[in-house]
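*Asks:* got a sequence here, can you build the structure:
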Amino acid sequence: MAVAFSEGVATMPGRLTILAFLLAACCLTSPGQTGQARSQAPSVPSRPDFHPTPEVPAMPKALMKFPRTPITRAKFPAIDFHLHGGALKTAEDYRKMIKLMDETGLGVICNMDGGFGATFDRNMKVGEPFRDRIIHFARLDFAGINDPGWPAKTAAELERCFLAGAAGLKINKVLGLELRDPDGGYIQSDDPRFDPVWEMCAKHNRPVMIHTSDSYGRFLPIGPENERYEAGLWRSSPEGNYYKTGQPTPDVIERARE
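*Replies:* Okay, here's the model as predicted:
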């Protein structure tokens, strides 16, 4: 499209008329040109071999292949700091355990089930020949915790255990989840009755292995969405699940421990 101009200087109204005419001309496109522009857009390749499949749980296959190195024993003598060795009753039990330790590269294990009172004495006596490999932690006896003399009596017995060879103190989740006051409230680790116990541990510079709560999944509803469900928990019994049991929640227990 061509536009002819006459010689001479155009007036302002004339200039505006010409500008409007040019803009209108630039905006005009033919249907053929629009279709041609659309036909140049990228297209998705045809996949006649593709068929939708029903949704199933993902089961990816690993594409990266690496050599596997089976590890059957520790390279250096290791320390198992948390063994429940309640089954260690006789010298033969100790010998079998040490044989297993030698096979797997364990140098020392710490038995959290050393007990208290007569139980502790028995464990120390049977385990005496093996004390360089298997050491025992004392474990409190909570019987009579609501009696007035329990704190002093327990602290004194704990000191006796330390002097007899106890390497530390083990506290399990009975404290926090099961022990109760006479009024029904749950006893926590910041209860003043435990002050003499903690002070005795500090006096003898002994560690405390404390387990007063539990994994968070145990406080949630039982079902496939619970992270502990796949491990096989609660298939036949709800024991060990604290959802809506009235027991304290982890934040209450952990706040008391801190």
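*Asks:* rest of the way, CA atoms for contacts and neighbours
*Replies:* Noted.
*Asks:* and the nearest residue to L140 once chain neighbours are set aside, what does it touch?
*Replies:* The shortest distance from L140 to any non-neighbouring residue, by Cα to Cα, 6 or more residues apart in numbering, is to F116 (5.9 Å). F116 makes contacts with 138-141, 157-158, 161, as judged by Cα atoms under 8 Å, 6 or more residues apart in numbering.
*Asks:* at 6 Å what do you get?
*Replies:* Counting by Cα atoms under 6 Å, 6 or more residues apart in numbering, F116 touches 138-140.
*Asks:* give me phi/psi at it?
*Replies:* phi -150, psi 150 (degrees, to the nearest 10).
*Asks:* quick one on the thing from earlier: which one of the contacts of F116 has the most neighbours?
*Replies:* Neighbour counts for those, by other Cα atoms under 10 Å, peak at A138, which reaches 27 neighbours.
*Asks:* reduced to three states, what does V126 come out as?
*Replies:* Following DSSP: H, G, I helix; E, B strand; the rest coil, the label given to V126 is helix.
*Asks:* sorry, back to before: now the residue nearest to L140: how far from S189?
*Replies:* 19 Å (Cα to Cα, to the nearest Å).
*Asks:* then G114?
*Replies:* In this view, G114 and S189 are 21 Å apart by Cα to Cα.
*Asks:* between the two, point out the one with more neighbours.
*Replies:* Between G114 and S189, counted using other Cα under 10 Å, the more crowded position is G114 (29 against 20).
*Asks:* thinking the more buried one is in contact with A138, fair?
*Replies:* Yes - assessed by Cα atoms under 6 Å, G114 is found in contact with A138 at 5.1 Å.
*Asks:* any low-confidence regions in this structure?
*Replies:* For the chain, the stretches flagged by pLDDT under 70 are 1-59.
*Asks:* mind listing the helices for it?
*Replies:* 12-27, 31-39, 91-104, 118-127, 150-164, 174-177, 195-203, 250-257 (DSSP state H).
*Asks:* highest mean neighbour count out of the ones you listed?
*Replies:* helix 174-177 (a mean of 20; mean count of other Cα atoms under 10 Å).
*Asks:* residues in contact with that one: which ones?
*Replies:* 187-188, 212, 253.
*Asks:* D80 contacts G107, correct?
*Replies:* No - using Cα under 6 Å, D80 makes no contact with G107, being 8.2 Å away.
*Asks:* these two: who's more crowded?
*Replies:* G107 (17 against 14).
*Asks:* how near is R160 to F116?
*Replies:* 10 Å.
*Asks:* just to revisit the earlier point, show me the two of the contacts of helix 174-177 that sit farthest apart.
*Replies:* Using Cα to Cα, the contacts of helix 174-177 span at most 10.6 Å, a distance reached by I187 and T212.
*Asks:* give me the distance from stretch 189-204 to the chain's centre.
*Replies:* Centroid separation between stretch 189-204 and its chain, computed with Cα atoms, centre = their mean, to the nearest Å, is 28 Å.
*Asks:* run a quick neighbour tally on I187.
*Replies:* 20.
*Asks:* could you check how far it is from A87?
*Replies:* Note on I187: its distance to A87, by Cα to Cα, is 29 Å.
*Asks:* between the contacts of helix 174-177, which is nearest V126?
*Replies:* Distances from V126 to these, taken by Cα to Cα, are shortest for T212, at 29.3 Å.
*Asks:* so what's the residue count around the spatially closest residue to that closest one that is not a sequence neighbour?
*Replies:* Spatial nearest neighbour of T212, chain neighbours left out: K173 (4.0 Å); criterion: Cα to Cα, 6+ apart. Other residues within reach of K173, judged by other Cα under 10 Å, total 15.
*Asks:* please look at K173 and H211 and confirm they touch.
*Replies:* Yes - look at K173 against H211 with Cα under 6 Å: they come within range, at 5.3 Å.
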